[in-house]
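> just the structure for this:
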Amino acid sequence: MRRILITTGLVIAIATTVIGQTKNFIDQPYIEVTGSADTLVTPNQIFINIIISEKDSRDRISVEEQELKMVESLMSLNINTEKDLTASDMLSNFKSYFLKEKEVLKTKEYSLKVYDASTASKVFIELEAIGISNTSIEKTDHTDYESVKNECRTKAIVNAYNKAIALTKPLSQSPGNAIHVSDNENLRALSLDQALQGRIAGLDVGHVRGQSKSEVPNIEFKKIKIAASVSVKFVLQ
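Now for the predicted structure:
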């Protein structure tokens, strides 16, 4: 019986110590600040949506013929079509549309990836020249997005620490160790500005299509903003 009582007493003592330590940790004086950082990067991945369909005319051009012309045109721009051109609907390569006369017109959709604004504008002009005008910008992206994001997080932490110093200096105190760090992650889609709605840095895509092959405009896509925000609790010293 005495052993049981001693064991029970030991457990209670340990529990009291743990609770006391937890309470002391929570009751420490601290300062909480938010730090942020951001940067702009030029997109190096531009995705173009291309739709080709059979022409509703006497001299109907088949999807297959247009597809062949499209691939040849893209290859003339030194685009690797095997790597960067994909059919968007993999389950069904062809979609069909019925006319009032119950005639079927086939259509096919593609996604093309290019790596700079100059090539993108050349693609629009080249495809327009062969009669393919149903094209648009899907989205833009950057291959090093996560790496740049982490650099912003590091700068955001430094920003938070400098804020803590500025806030505590008039009080003759200083920030100590960080006891809690929170990454205020924003939705990536909001930062990327992926949907350009058919515009390139304010220049309408239709205007780009109107250019001749020898008059490729020198344009740039809107830069992608990458931002980070963190909340940090520092012990007050």
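> packing partners of the helix or strand containing residue 122?
Taking DSSP states H and E as the criterion, residue 122 maps to helix 117-129. Applying 3 or more C-beta pairs under 8 Å, 6 or more residues apart in numbering; DSSP states H and E, one finds that helix 117-129 contacts strand 45-53, helix 63-76, strand 104-114, strand 135-141, strand 199-200, helix 205-209. Every residue, glycine included, has its C-beta placed from N, CA and C.
> switch to 6 Å and redo it
For helix 117-129, the packing partners by 3 or more C-beta pairs under 6 Å, 6 or more residues apart in numbering; DSSP states H and E come out as helix 205-209.
> please parse the chain into its domains.
27-43+143-194+218-237, 45-141 (automatic domain parsing).
> lowest-confidence stretch among those?
Among the domains of the chain, domain 45-141 carries the lowest mean pLDDT, at a mean of 82.
> list the helices and strands the helix or strand hosting residue 181 packs on?
Using DSSP H and E, residue 181 sits within strand 175-183. Contacts defined by 3+ C-beta pairs under 6 Å, 6+ apart place strand 175-183 against strand 224-236.
> paired strands for the strand it packs on, with orientation please.
strand 30-41 (antiparallel), strand 175-183 (antiparallel) (DSSP bridges).
> dump those to TSV, plus distance to residue 166.
Listed next are the strands paired with strand 224-236 as TSV, based on distance: least, C-beta to C-beta, whole Å:
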stretch	distance to residue 166
strand 30-41	9
strand 175-183	10
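> picking up where we left off before, turn the domains of the chain into a markdown table, columns for mean neighbour count.
Putting these into a markdown table (neighbours: other C-beta atoms under 10 Å) gives the following:
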| stretch | mean neighbour count |
| --- | --- |
| domain 27-43+143-194+218-237 | 15 |
| domain 45-141 | 15 |
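> is it true that residue 143 lies in a helix?
No - under DSSP: H, G, I helix; E, B strand; the rest coil, residue 143 falls outside any helix and is assigned coil.
> please tell me how far it sits from residue 42.
Applying C-beta to C-beta, to the nearest Å, the value for residue 143 to residue 42 is 11 Å.
> show me what residue 40 is bridged to.
Under the criterion used (DSSP bridges), residue 40 bridges to residue 225.
> quick one: it and residue 221 touch, right?
No - applying C-beta atoms under 6 Å as the test, residue 40 and residue 221 come out as separate, 11.5 Å apart.
> how about the CA coordinates for stretch 220-237, as CSV?
Presented in CSV, the C-alpha positions along stretch 220-237 are these (Å, rounded to 0.1, in the frame of the first residue of the first chain):
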residue,chain,number,x,y,z
GLU,A,220,6.2,41.8,-72.1
PHE,A,221,3.7,39.9,-70.0
LYS,A,222,2.6,41.4,-66.7
LYS,A,223,5.1,40.3,-64.0
ILE,A,224,4.0,37.9,-61.4
LYS,A,225,3.9,39.2,-57.8
ILE,A,226,5.2,36.7,-55.3
ALA,A,227,4.6,37.6,-51.6
ALA,A,228,5.0,36.2,-48.2
SER,A,229,3.7,37.2,-44.7
VAL,A,230,4.6,35.8,-41.3
SER,A,231,3.4,36.3,-37.8
VAL,A,232,6.1,35.9,-35.0
LYS,A,233,5.9,36.0,-31.2
PHE,A,234,9.2,37.0,-29.6
VAL,A,235,10.0,36.8,-25.9
LEU,A,236,10.4,40.2,-24.3
GLN,A,237,13.7,40.8,-22.6
